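> just to be clear, the model below is a prediction. Sequence and coordinates:
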Amino acid sequence: MPSNDEMKLGVMLQSAGYHEGAWRDSTVPSNGGHDIDHYAHLAGLAEGAAFHFVFIADNLSVEEQDHASLARIAGNARLEPITLLSALSSRTQRIGLVATATTTYNEPYHLARMFASLDHVSRGRAAWNVVTSIGKFEAPNFGENKLPDYGTRYARAKEFVKVVKGLWDSWEDDAFIRDKQSGIFVDPERLHLLNHQGDYLSVRGPLNIARPPQGYPVLVQAGASDAGTTFGAELGEVVFTAQPSLESSKQFYANLKTKAHAFGRTAEQVQVMPGIVPIVGRTKQEASDKLQRLQSYTQEMDVLAATADRWLGSVTNLRSIDLDSLVPEALPETNLFQSRQKVLLDLAARQRLTWRQLIRLISDSHGHLMVVGTPDEIASVMIASFDQRAADGFNVMPATVPSGLKDFVELVIPEIRRRGKFRSQYSGQTLRENLGLKRPFNQFTRK
């Protein structure tokens, strides 16, 4: 079993890196979003360092803006996550594989079958990052004019996860006998129909694939609004969140664990892993120079404003605002990315940021914790969060790949290990085993 004194680490794999200007950097392949060898190289770096998982973000639309903005962003060229991770499963051995999939514009049977398949082909390394859709251009791709309201999206999501779990339990673990002598392939008595009839979904079942090796693929959740935090506390096993300061991270951590306890869950059953954007230099100046170089690739303020407006929930036109005025404490409520809007506004209030400063910060980190410094400085920030119960680990989001990930692996990981806070090898075969999470019982057979 993994040690409770060691943090968990995932890494977000993006085609260029997490910084808006990453794709223009000379160290970044321009076609990485469609290159399986590029992703395999990144996954190999992470697995060689004993990261717990790789994480693929996703949405179901082009991030449409005006032509000037659309022409300069690299996020619209990327592979579908489950397809990508299925390919990576054959080119890795131990690292977990986290795919993002929305409950708003998918059907439970489809996702239950795909994630069960990924868990089988990876021999127990799959995880589902459960999200509700937040992009304003997703709805028209599925015959709707706009997204359902926030509360409806989360109510459907809760029912959706319940249905998927029921489908994963369709077959008992030993249902498939495969006895050539008797001619019996499966025991029909160990099959269970779901017959779900709910407020949003109607699903008969059963699933036409054996129960996943992990029982259920690990459930990851990435919402930090009130509804998202409650959802994560009840159903999530790993919670990914944007917390740009130690204080905000401690508050979120304590709130989530308290809510989880109210649902009858232990602290160990819900692991909090905030995002961190590390920019590593052998000296502080070298790290600062790297950030300044990335910022030089994104000088068009109109383009940056369009991106910032999207992260703030598309409730204001930043191009018509005095950019040197202070950011207000509140904006109109959004039906899109509520949690990130709050994180960014709280950060702006604490630091008394102008709109220009906030727009630049969003370009750099999208509201996640960014640490620009030496390996010792970055390790110290991470360990302080871990020791002060602000995080059980981190989802590392390199500003550029592969160079930023390589720097983190070669410079920061050894420092964290030297201080006894990160493992040097895998402790189990499945992702659940490596995260210290129990394999769930089949709900139809638990005594």
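Good, I have the coordinates. Numbering: from 1, shown residues only.

> and the top helix by length along the chain, what does it pack onto?
In the chain, with assignment by DSSP state H, the single longest helix is helix 150-168. In this structure, helix 150-168 makes packing contacts with helix 108-121, strand 126-131, strand 196-197, strand 202-203, helix 226-235, judged by 3 or more CB pairs under 8 Å, 6 or more residues apart in numbering; DSSP states H and E. To be clear about C-beta, it is placed using only N, CA and C from the backbone, and glycine gets the same treatment.

> switch the cut-off to 7 Å
With contacts taken as 3 or more CB pairs under 7 Å, 6 or more residues apart in numbering; DSSP states H and E, helix 150-168 sits against helix 108-121, helix 226-235.

> got the CA coordinates for the first one in PDB?
Listed next in PDB are the C-alpha coordinates belonging to helix 108-121 (Å, rounded to 0.1, in the frame of the first residue of the first chain):
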ATOM      1  CA  PRO A 108     -24.400   6.300 -19.600                       C
ATOM      2  CA  TYR A 109     -24.300   3.100 -21.600                       C
ATOM      3  CA  HIS A 110     -21.700   4.500 -24.000                       C
ATOM      4  CA  LEU A 111     -19.300   5.800 -21.300                       C
ATOM      5  CA  ALA A 112     -19.700   2.700 -19.100                       C
ATOM      6  CA  ARG A 113     -18.700   0.500 -22.000                       C
ATOM      7  CA  MET A 114     -15.800   2.700 -23.100                       C
ATOM      8  CA  PHE A 115     -14.300   3.100 -19.700                       C
ATOM      9  CA  ALA A 116     -14.800  -0.600 -18.900                       C
ATOM     10  CA  SER A 117     -13.000  -1.400 -22.100                       C
ATOM     11  CA  LEU A 118     -10.100   1.000 -21.300                       C
ATOM     12  CA  ASP A 119      -9.800  -0.600 -17.800                       C
ATOM     13  CA  HIS A 120      -9.600  -4.000 -19.400                       C
ATOM     14  CA  VAL A 121      -7.100  -3.100 -22.100                       C
END
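
> would you mark the buried spots in the lowest-mean-pLDDT helix or strand in the chain?
Every helix and strand in the chain was compared by mean pLDDT, DSSP states H and E; the lowest is helix 67-70, with a mean of 77. Residues Ser69 are the ones in helix 67-70 that count as buried (16 or more other CB atoms under 10 Å).

> report the mean confidence score over the helix or strand that comes right after it.
Going down the chain from helix 67-70, the next helix or strand is helix 81-89, by DSSP states H and E. Here helix 81-89 scores 98 as its mean pLDDT.

> right, and the helix or strand after helix 81-89?
Counting by DSSP H and E, the next helix or strand C-terminal to helix 81-89 is strand 96-102.

> what residues does that following strand touch?
The contact list for strand 96-102 (CB atoms under 7 Å, 6 or more residues apart in numbering) reads 10, 52-58, 60, 81-82, 85, 88-89, 111, 118, 122, 125-129, 131-133, 220, 431, 434.

> ranges for the strands of this structure?
8-12, 53-56, 96-102, 126-131, 176-179, 184-186, 196-197, 202-203, 218-221, 238-241, 271-280, 369-373, 393-396 (DSSP state E).

> need those strands in a markdown table (columns: mean neighbour count and mean pLDDT).
Converted to a markdown table, the strands of the chain look like this (neighbours: other CB atoms under 10 Å; pLDDT from 0 to 100):
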| stretch | mean neighbour count | mean pLDDT |
| --- | --- | --- |
| strand 8-12 | 25 | 98 |
| strand 53-56 | 26 | 98 |
| strand 96-102 | 25 | 98 |
| strand 126-131 | 26 | 97 |
| strand 176-179 | 11 | 96 |
| strand 184-186 | 12 | 97 |
| strand 196-197 | 12 | 98 |
| strand 202-203 | 16 | 98 |
| strand 218-221 | 26 | 98 |
| strand 238-241 | 27 | 96 |
| strand 271-280 | 25 | 98 |
| strand 369-373 | 21 | 97 |
| strand 393-396 | 26 | 98 |
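
> now those strands as TSV including distance to Ala71?
Below are the strands of the chain laid out as TSV (distance: least, CB to CB, whole Å):
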stretch	distance to Ala71
strand 8-12	24
strand 53-56	25
strand 96-102	26
strand 126-131	27
strand 176-179	52
strand 184-186	54
strand 196-197	46
strand 202-203	43
strand 218-221	33
strand 238-241	30
strand 271-280	24
strand 369-373	26
strand 393-396	29
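
> among those strands, which is nearest Lys438?
strand 218-221 (11.1 Å; CB to CB).

> what pairs with the closest one, parallel or antiparallel?
strand 126-131 (parallel), strand 238-241 (parallel) (DSSP bridges).
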